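Participant: show me the folded form of this:
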Amino acid sequence: MLRGMTMWVLVAMLLGIGFGLACHATVTDKPTMQGLTGGLGLLATIFLRAIRMIIAPLVFSTLLTGVGRIRETATVGRIALQALAWFVAASVTAILVALAAVELLTPGAGMHMTAATVAGAASAPPLTLATFVGHLVPVSIVQAMAENEILQIVVFALVAGVAIAHMGAAGEPLLALAEAVSKLMLKMTGYVMYLAPVAVFAAVAVALAEQGTDIIVHYAAYVGGFYVALAGIWLAMLAAGTAILGRGPLKALLLAIRQPALIAFTTASSEAVYPSLLARLEAFGVPNRIAALVLPLGYSFNLVGSMCYCTWAAIFVAQAYDVPIAGWALAQMLFMLFVLSKGIAGVPRAGILIVSAVLPYFHIPEAGIVLILGVDHFLDMGRTGTNAVANGLAAASVAKWETKAQ
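Facilitator: Residues are numbered from 1 along each chain as shown. Next up, the predicted model:
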């Protein structure tokens, strides 16, 4: 469904470009232009509200399931700890590389987008360590879910997941329920994505009607700059792989997993390559007991391409709407992206959902999500392919460490 939807999104983007440029060239009356863009903006608003409807239960169920299942690695705790140490280091590296790239290239600077949702941002209380910590713990999880307080939902899900992990067999029904909710939200996400072409058409048409061809340059900078950031992450992964495995084994590993990585890139689907990636790793020499443990964990905790994307996209939208993010606010944003990216494998357009969950905390208009949705597939290809290679490299590295430990 998503591959077919991608075609419709691309068609909608092209139609939006044509319609927007035609309006920019022919509609000179300001009230008429405002009425036209206002009507189109309503279509994008419906899509955004549908996305927000899904975010809270999706974050809660996926994170609760991911943390609750960690207890299954108790018998091979050393392997799990090694894998998680790799995942944390890779995640932090991905975020920092993406942050450096977006701050240096500034792809959204000069767009000067405006939206009604940014009104009142200047009068909002400043983000401080005290307000951040005080806001972490929810007074009521029901209230947090109703208000889409993502940080509070994350805290509750983490505590509940740890508790379930220590309940043993008694926690299985709760985990089964969380997994069922996660699958339900995934199915609903698929339904909501049917609205994506309409929303993309509306958002692209509005942007081009108001700004003309200038915005196309920014789209090119957005997509091209992201692949520059991915290149930096690849260099870091290759350096780490050379240090751990050696140049020869690393080359052999990349050759072994090149087909799953290519499939992940072309289909933009992590789930599609899991069986073949597992088989290729075992053929390379990674023991099944290690590959079968590290890969599932990696699908939840080692999505470095997705983390690079979330950081890149969030800062890009902030730049496009001239919302400064620095200091403590930047640290808080990166921490939220780090936590929310866990357990999102297999969720359609999960990066879009994560970014849309983070933006309201920093008074960044959520309309920016629809602005970047039109070219999201081109970025999804790169981040999915990178995720596949990163997980294969993690499994091979843990296998090498285990060999030395024995």
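
Participant: contact partners for residue 162?
Facilitator: Residues in contact with residue 162 (Cβ atoms under 8 Å, 6 or more residues apart in numbering) are residue 67. To be clear about C-beta, it is placed using only N, CA and C from the backbone, and glycine gets the same treatment.

Participant: okay, and it sits in which element?
Facilitator: In this assignment (DSSP states H and E), residue 162 forms part of helix 150-165.

Participant: now do the helix or strand just after that helix: distance to the chain's middle.
Facilitator: Reading on from helix 150-165 to the C-terminus, the next helix or strand found by DSSP H and E is helix 172-192. Put simply, helix 172-192 sits 18 Å off its chain's centre (Cα atoms, centre = their mean, to the nearest Å).

Participant: quick one, strands of the stretch 251-400 of the chain?
Facilitator: For the stretch 251-400 of the chain, no strands are identified by DSSP state E, counting those that start in this stretch.

Participant: where does it have low pLDDT?
Facilitator: Applying pLDDT under 70 to the stretch 251-400 of the chain flags residues 266-273, 275, 300, 342-350.

Participant: distance-wise, check residue 83 relative to residue 378.
Facilitator: In this view, residue 83 and residue 378 are 30 Å apart by Cβ to Cβ, to the nearest Å.

Participant: of these two, which one has the most company?
Facilitator: Per other Cβ atoms under 10 Å, whichever of residue 83 and residue 378 has more neighbours is residue 83, with 26 against 17.

Participant: my guess is that one meets residue 298, correct?
Facilitator: Yes: with contacts counted by Cβ atoms under 8 Å, residue 83 reaches residue 298, the gap being 7.2 Å.

Participant: between the two, which contacts overlap?
Facilitator: Common neighbours of residue 83 and residue 298 (Cβ under 8 Å, 6+ apart) are residue 394.

Participant: give me the number of residues near residue 253?
Facilitator: Neighbours of residue 253 under the rule other Cβ under 10 Å: 23.

Participant: nearest spatial neighbour of it, skipping sequence neighbours?
Facilitator: Of all residues not flanking residue 253 in the chain, residue 396 sits nearest, at 5.2 Å (Cβ to Cβ, 6 or more residues apart in numbering).

Participant: how about the one you found, what does it touch?
Facilitator: 241, 245, 249, 253, 281, 284, 286.

Participant: in JSON lines: those, plus distance to residue 99.
Facilitator: Output for these, formatted as JSON lines (distance: Cβ to Cβ, whole Å):
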{"residue": "241", "distance to residue 99": "23"}
{"residue": "245", "distance to residue 99": "28"}
{"residue": "249", "distance to residue 99": "31"}
{"residue": "253", "distance to residue 99": "28"}
{"residue": "281", "distance to residue 99": "31"}
{"residue": "284", "distance to residue 99": "33"}
{"residue": "286", "distance to residue 99": "32"}
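
Participant: which of those residues tops the neighbour count?
Facilitator: residue 281 leads the contacts of residue 396 on contacts (other Cβ under 10 Å) with 27 neighbours.

Participant: pretty sure that residue contacts residue 393?
Facilitator: No: counting by Cβ under 8 Å, residue 281 stays clear of residue 393, with 10.0 Å between them.

Participant: quick one: neighbours of residue 57, just the number.
Facilitator: When neighbours are defined as other Cβ under 10 Å, residue 57 has 17 of them.

Participant: how close does it get to residue 161?
Facilitator: Distance, residue 57 to residue 161, by Cβ to Cβ: 15 Å.

Participant: same check, this time on residue 257
Facilitator: For residue 257, the distance to residue 161 - Cβ to Cβ - is 30 Å.

Participant: could you check how many residues crowd around residue 177?
Facilitator: Number of residues near residue 177 (other Cβ under 10 Å) recorded here: 13.

Participant: tell me the confidence at it?
Facilitator: The model reports residue 177 with a pLDDT of 91.

Participant: same check on residue 77?
Facilitator: Value for residue 77, per-residue pLDDT: 62.

Participant: run through the residues that contact residue 206.
Facilitator: Residue 206 is in contact with 20, 37, 40, 41, 44, counting by Cβ under 8 Å, 6+ apart.

Participant: grab the nearest non-local neighbour of the second one.
Facilitator: Just to be clear, that refers to residue 37. Nearest to residue 37 is residue 206, by Cβ to Cβ, 6+ apart, at 4.7 Å.

Participant: same question, the third one
Facilitator: Closest residue in space to residue 40, ignoring its immediate chain neighbours: residue 202 at 4.1 Å, by Cβ to Cβ, 6+ apart.

Participant: distance check, that neighbour against residue 15.
Facilitator: Relative to residue 15, residue 202 is positioned 10 Å away (Cβ to Cβ).

Participant: tell me which of these two has more neighbours.
Facilitator: Set residue 202 next to residue 15 and count neighbours by other Cβ under 10 Å: residue 202 wins out with 25 against 15.

Participant: the more buried one and residue 16 touch, don't they?
Facilitator: Yes: contact criterion Cβ under 8 Å: residue 202 and residue 16 qualify, at 7.1 Å.

Participant: and for residue 285, the neighbour number?
Facilitator: There are 15 residues near residue 285, going by other Cβ under 10 Å.

Participant: and it, what does it touch?
Facilitator: Going by Cβ under 8 Å, 6+ apart, the list of residues near residue 285 reads residue 399.

Participant: for it, grab phi and psi.
Facilitator: phi 130, psi 0 (degrees, to the nearest 10).

Participant: look up how far residue 403 lies from it.
Facilitator: 10 Å.

Participant: most residues in a single helix of the chain, which one?
Facilitator: Longest among the helix segments of the chain by residue count, using DSSP state H, is helix 30-68.

Participant: mean confidence for that one?
Facilitator: 79.

Participant: other SSEs contacting it?
Facilitator: Judged by 3 or more Cβ pairs under 8 Å, 6 or more residues apart in numbering; DSSP states H and E, helix 30-68 is in contact with helix 141-146, helix 150-165, helix 172-192, helix 196-211, helix 350-358, helix 367-373.

Participant: show me which residues of stretch 168-176 are buried.
Facilitator: For stretch 168-176, burial by neighbour count (16 or more other Cβ atoms under 10 Å) applies to 171, 174, 175.

Participant: let's have those residues in TSV, adding distance to residue 29.
Facilitator: Below are those laid out as TSV (distance: Cβ to Cβ, whole Å):
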residue	distance to residue 29
171	63
174	59
175	59
